[in-house]
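Engineer: Below: sequence and its predicted model.
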Amino acid sequence: MPRAKKIGSLFGKMSKLRRSKTEEKQEEKKDSNVACDSNVACGACVIAPNNKKVARRVVDHYKTKDSGFTVVPGRKTNTADVEAYDRYITEMKSMKRPENETPHSEKFWGLLRKFLVDTEPCSPPTQENPQEDITLQANADNLHSLLPPKGAKGWVDNCPPEVTDTYVPYLTSTKIAGLGALNPIHPIRLSMASGIPHQEILTELLYAAEVGLLKMMFSPECNRCAAGVCARPHLHEFRDNHMVCGGCGYRNEIMFDNIQVIFMFNPDILYVMMENFVCKPSTTAMANTELHVAVPPAVLDIDEFETEYGYNQEKGYKCFVGCGESDVNFRPPLPAGRHRIHCPITKSDSYLEIERDATDDDEPISLEVRVSELFVLPGFDERKVLKAEHGKIVFEVITDTMSWFGLWILKDLDDETSFRLPAEQRPPCTSVSDMMENPTFQRLIMDKMESQLEEELKRMEHNFEEKSMRETACRA
């Protein structure tokens, strides 16, 4: 049996055992008259209702979830250490490579270095009175939207349409979207946008992971919104058959063929206070979008986070809608009705109910949006409802989760319409099978991966057999 096929078979056997255990748990719940939650055997089910408050504190302020970033005390977001990057590159160049592997690519690493050099640190603007909110400028560079500029150019002029439409716009050098190509790195997308062969890029990334510049991760793609459901450094660490997507709430079956390979920079090299696995809005979602504003993190220093000074805790950013001068007014008043406020960056979800349409005589309404209060734990929470009398609103956004926040307001549609990303709109991914064809992967990692899966399968079979024996003894 080819080794790649064997690894897939081992993963499949582990999934089958997990499925048996899940079915047993569901039967136990039925026997004990406990309602079976829809998140059984998924990542969210480990958070019990009585532990929700503790779990929420971690999710809200430190983002230590599977796909979150690691907080670096005192570090400003969107910053890169180019000198340290160069040291890693020098170390990689000194490593000898077999003849069947591509040589060190100066072009590729020069391309990534340019991104890091062009990175601009992001921090709240300075002002005389730190107790006041900061007003977002509707025409400010890269603050008006998470979307790239219309007509943005990619790296090469002959990119196929599916790449141009789904990926190249994120390669523009901007404070927010410009780092999308590196946070995380999708090898196939870099290949298609740069013209560098896919296997050559894979080889470079694997060597970078060997020296610690990057880390390789395995991430199942959400079947609904195409975001990364979670990320694991090893295949054998997927111990649930189903996991709920933090972005859209969809319950995904974890399958070998649906796992993509990504790479993430060491945070000492590239630091971005932003969720790494953001879903891509569909054309339908964008057509039903009322407002889309990028709001920077207010907390830039973890030491200051515990203090009472400044706007870091209680003040935030003002976003004018239907009011204010032309340079700060993002759009006309929002229409009456119920709207959805969804942020794929912080994984927050809520509603906005507007009682009536605004008139010329109406005064603007101030509405606080505290990001930490908008989280929804699947199966336990109801979405928070924000209310306003009319659509002339000054949103006071408090980004107290130490992350960028997308104030994305959509028409109130069902989840499938809002978040389903059709196959033809999905950006390409590097699968585990693609990675296994790479000679560098075969030489450096495949033996270890196969051994880890075999050991994990033996452990699962042993535990399953022991449990069966205990149950048989109890019945006897």
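Structural biologist: Arrived safely, thanks for sending. Numbering: from 1, shown residues only.
Engineer: buried set for stretch 211-231?
Structural biologist: Under the neighbour-count criterion of 16 or more other Cβ atoms under 10 Å, stretch 211-231 has 211, 213-214, 216-231 buried. All C-beta spots, glycine's among them, are computed from the backbone N, C-alpha and C.
Engineer: right, I mislabeled it, should have said stretch 457-473
Structural biologist: 457, 460.
Engineer: now do stretch 419-434
Structural biologist: Within stretch 419-434, judged by 16+ other Cβ under 10 Å, the buried ones are 419-421, 425, 427-432, 434.
Engineer: Equivalent analysis for stretch 332-339, please.
Structural biologist: 333-334, 336, 339.
Engineer: which one of the buried residues of stretch 419-434 is nearest P98?
Structural biologist: Checking the buried residues of stretch 419-434 against P98 with Cβ to Cβ, the nearest one is D434 at 20.1 Å.
Engineer: any weak-confidence spans in this structure?
Structural biologist: 1, 20-74, 120-180, 274-278, 297-316, 377-381, 402, 476 (pLDDT under 70).
Engineer: rerun that using 50 as the cut-off
Structural biologist: Scanning the chain for pLDDT under 50 picks out the ranges 26-67, 124-131, 139-175, 299-313.
Engineer: Show me it divided up by domain.
Structural biologist: Annotated domains of the chain cover 3-132+154-280+425-454, 293-423 [automatic domain parsing].
Engineer: What's the end-to-end length of the last one?
Structural biologist: So that's domain 293-423. 26 Å (Cα to Cα, to the nearest Å).
Engineer: and if you look at the first one?
Structural biologist: Domain 3-132+154-280+425-454 stretches 13 Å from its first residue to its last (Cα to Cα).
Engineer: swap in stretch 328-340?
Structural biologist: 22 Å.
Engineer: Make CSV out of the buried residues of stretch 419-434 and add distance to I89 and secondary structure.
Structural biologist: Output for the buried residues of stretch 419-434, formatted as CSV (distance: Cβ to Cβ, whole Å; DSSP: H, G, I helix; E, B strand; the rest coil):
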residue, distance to I89, secondary structure
F419, 39, helix
R420, 41, coil
L421, 35, coil
Q425, 35, helix
P427, 27, coil
P428, 27, coil
C429, 26, coil
T430, 22, coil
S431, 27, strand
V432, 27, helix
D434, 25, helix
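Engineer: Let me have the residues you listed in CSV, extended by distance to P267.
Structural biologist: Conversion of these to CSV gives the following (distance: Cβ to Cβ, whole Å):
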residue, distance to P267
F419, 29
R420, 32
L421, 28
Q425, 31
P427, 24
P428, 26
C429, 23
T430, 22
S431, 26
V432, 25
D434, 26
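Engineer: Mind picking the two most distant members of those?
Structural biologist: Taking Cβ to Cβ, no two of those sit farther apart than F419 and D434, at 26.3 Å.
Engineer: Nearest to C248 among the buried residues of stretch 332-339?
Structural biologist: H339 (17.1 Å).
Engineer: which outside residues touch stretch 200-211?
Structural biologist: Residues from elsewhere that reach stretch 200-211 (Cβ atoms under 8 Å, 6 or more residues apart in numbering): 88, 91-92, 95, 97, 101-102, 104-105, 108-109, 185, 187, 190-191, 194, 214-216, 263, 430, 434-435, 438-441, 444-445.
Engineer: Now intersect those with the strands, please.
Structural biologist: Within these, residues falling in strands by DSSP state E are 214-216, 263.
Engineer: before we move on, the earlier item: can you say which of the contacts of stretch 200-211 are buried?
Structural biologist: 88, 92, 101-102, 104-105, 108-109, 185, 187, 190-191, 194, 214, 216, 263, 430, 434-435, 438-441, 445.
Engineer: so what does the strand or helix carrying L111 touch, helix or strand wise?
Structural biologist: Using DSSP states H and E, L111 sits in helix 106-118. The contact analysis (3 or more Cβ pairs under 8 Å, 6 or more residues apart in numbering; DSSP states H and E) places helix 106-118 against helix 82-93, helix 198-211.
Engineer: now the angle from the last one to helix 82-93?
Structural biologist: Going back to what we said before, that points to helix 198-211. Per axes from the mean of the first three to the mean of the last three Cα atoms, to 10 degrees, the angle that helix 198-211 makes with helix 82-93 is 110 degrees.
Engineer: Report the separation between F419 and V293.
Structural biologist: Per Cβ to Cβ, to the nearest Å, F419 is found 19 Å from V293.
Engineer: make that E396, sorry
Structural biologist: Taking Cβ to Cβ, one finds E396 at 13 Å from V293.
Engineer: Tell me, how many residues neighbour D360?
Structural biologist: 5 (other Cβ atoms under 10 Å).
Engineer: Also L367?
Structural biologist: Neighbour tally, L367, other Cβ under 10 Å: 16.
Engineer: can I assume it is in contact with V394?
Structural biologist: Yes. Judged on Cβ atoms under 8 Å, L367 makes contact with V394 at a distance of 7.0 Å.
Engineer: Name the nearest residue to L10, ignoring sequence neighbours.
Structural biologist: L453 (4.1 Å; Cβ to Cβ, 6 or more residues apart in numbering).
Engineer: Could you do I196 as well?
Structural biologist: Using Cβ to Cβ, 6+ apart, the nearest residue to I196 is F108, at 5.5 Å.
Engineer: Now do the same contact list for the one you found.
Structural biologist: Counted by Cβ under 8 Å, 6+ apart, F108 has contacts 194, 196, 200-201, 204.
Engineer: List just the nearest of these to K318.
Structural biologist: Among these, and counting by Cβ to Cβ, the member closest to K318 is S194, at 39.5 Å.
Engineer: how close does the residue lying closest to N329 once chain neighbours are set aside sit to C474?
Structural biologist: In this structure, N329 finds its nearest non-sequential neighbour in F320, 5.0 Å apart by Cβ to Cβ, 6+ apart. Separation of F320 from C474 (Cβ to Cβ): 67 Å.
Engineer: quick one: the helix holding L111 to helix 198-211, angle?
Structural biologist: Using the same axes, to 10 degrees: helix 106-118 against helix 198-211 is 60 degrees.
Engineer: Export only the CA atoms of helix 106-118, formatted as CSV.
Structural biologist: Output of helix 106-118 as CSV, limited to C-alpha atoms (Å, rounded to 0.1, in the frame of the first residue of the first chain):
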residue,chain,number,x,y,z
GLU,A,106,15.8,33.6,-3.3
LYS,A,107,12.7,34.8,-5.3
PHE,A,108,10.2,33.3,-2.9
TRP,A,109,11.9,34.6,0.3
GLY,A,110,12.5,38.0,-1.2
LEU,A,111,8.8,38.2,-2.0
LEU,A,112,7.8,37.4,1.6
ARG,A,113,10.5,39.8,2.9
LYS,A,114,9.0,42.6,0.9
PHE,A,115,5.7,42.0,2.7
LEU,A,116,7.4,42.2,6.1
VAL,A,117,9.3,45.3,5.2
ASP,A,118,6.1,47.1,4.0
